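*Asks:* Structure here, sequence nowhere to be found:
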């Protein structure tokens, strides 16, 4: 036989996943990349990629006017491949579903949901997701992944169908008129003006949220670090609070004076004995 697969039949089946072997094109028995079927022992990658050849049952054939159905070549003008079997092509519109040919009308109205269940596309909807499916009436209904729901009573939240006025907090359904979800933690809606700060709710009239650390402090303070804030008498140096003094400024997490101390890459140094070489990655060197 002058047309052979690059691997023996068994090797193609066992090694297809790693060798990118095309054995039967209609079954997608190959990976992306280098094709496996060869003609006369020579690589046929170019022929397959350019669409001039078809690989069927481990053998390379001219693609024009031919398709492959479960290892059998056929003329798509005369035959239909359905359920891995060849059928005579009906003269009218048709749908293959569940391995069975179903005759359709003109214009076509039938569809196949999940590859298994017939439905009327004008009056029904098909909800498909990840191999699961359902068919329902189109009347006031929509899809939530593979489930259908009544749009007048429900809505879709993160692949879940919940009632109008409901939402999800993690995996828990809650009533939005009486509860609030803060970072997957449920709370009763407070009587005061509120916002979420991390997992907690807080009174916006008296507190503020330091979002970087998701902590609350009085509105009279400024956020500084993880556990506290600063007021008008303090200075915040990279998350560390210090008493505020006119002659002092921040250098990293420390306070330094502006007279004899400089700051080099967030590190203080004595300006009378050292200098900062900013052109050399802010290295502090001793003066000569």
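*Replies:* Yep, that arrived. All figures in this text were calculated on a predicted structure; none of them were measured in a lab.

*Asks:* Now do the contacts for residue 248.
*Replies:* If a contact means Cβ atoms under 8 Å, 6 or more residues apart in numbering, then residue 248 has 235, 242, 255, 256, 257, 258 as its contacts. C-beta coordinates here come from the backbone N, C-alpha and C atoms, glycine included.

*Asks:* Return the distance of the spatially closest residue to the first one that is not a sequence neighbour relative to residue 96.
*Replies:* What it means is residue 235. Using Cβ to Cβ, 6 or more residues apart in numbering and skipping the chain neighbours, the partner closest in space to residue 235 is residue 244 (4.5 Å). Going from residue 244 to residue 96 by Cβ to Cβ, to the nearest Å gives 79 Å.

*Asks:* swap in residue 168?
*Replies:* Residue 168 sits 38 Å away from residue 96, taking Cβ to Cβ as the criterion.

*Asks:* Rounded mean pLDDT for stretch 218-235, please.
*Replies:* What stretch 218-235 shows for mean pLDDT is 81.

*Asks:* Distance from it to the middle of the chain?
*Replies:* Between the centre of stretch 218-235 and the centre of its chain there are 39 Å (Cα atoms, centre = their mean, to the nearest Å).

*Asks:* In contact with the nearest residue to residue 154 once chain neighbours are set aside: list those residues for me.
*Replies:* What sits nearest to residue 154 in space, not counting adjacent residues and going by Cβ to Cβ, 6+ apart, is residue 161, at 5.2 Å. Residues near residue 161 by Cβ under 8 Å, 6+ apart: 144, 147, 149, 154, 155.

*Asks:* Max pairwise distance over the residues you listed: which two?
*Replies:* Greatest spatial distance among those (Cβ to Cβ): 147 and 155, at 12.0 Å.

*Asks:* Distance-wise, check the residue nearest to the spatial centre of the chain relative to residue 146.
*Replies:* Residue closest to the average C-alpha location in the chain (Cα atoms, centre = their mean): residue 158, at 12.7 Å. From residue 158 over to residue 146 the distance is 14 Å, taken as Cβ to Cβ.

*Asks:* try residue 264
*Replies:* 61 Å.

*Asks:* and what of residue 163?
*Replies:* 19 Å.

*Asks:* Tell me the buried residues in stretch 163-179?
*Replies:* Within stretch 163-179, the residues scored as buried using 16 or more other Cβ atoms under 10 Å are 166, 167, 169, 174.

*Asks:* List just the nearest of those to residue 106.
*Replies:* Of all these, residue 106 sits closest to residue 166, with 44.6 Å by Cβ to Cβ.

*Asks:* sorry, back to before: and the contacts of residue 161, which is closest to residue 73?
*Replies:* Among those, residue 147 lies closest to residue 73 (Cβ to Cβ), at 41.0 Å.

*Asks:* Could you chop the chain up by domain?
*Replies:* 3-74, 91-156, 228-286 (automatic domain parsing).

*Asks:* Quick one: the helices in the chain, in order.
*Replies:* 9-19, 45-49 (DSSP state H).

*Asks:* okay, and for the stretch 101-250 of the chain, where does confidence drop off?
*Replies:* 227 (pLDDT under 70).

*Asks:* could you redo the last one with a cut-off of 80?
*Replies:* 212-213, 226-231 (pLDDT under 80).

*Asks:* Spit out the contact partners of residue 140.
*Replies:* With Cβ under 8 Å, 6+ apart, residue 140 has these contacts: 150, 151, 152.

*Asks:* Need those residues in TSV (columns: neighbour count).
*Replies:* Output for those, formatted as TSV (neighbours: other Cβ atoms under 10 Å):
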residue	neighbour count
150	15
151	13
152	8
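
*Asks:* Of those, which belong to strands?
*Replies:* When these are checked against strands (DSSP state E), the matches are residue 150.
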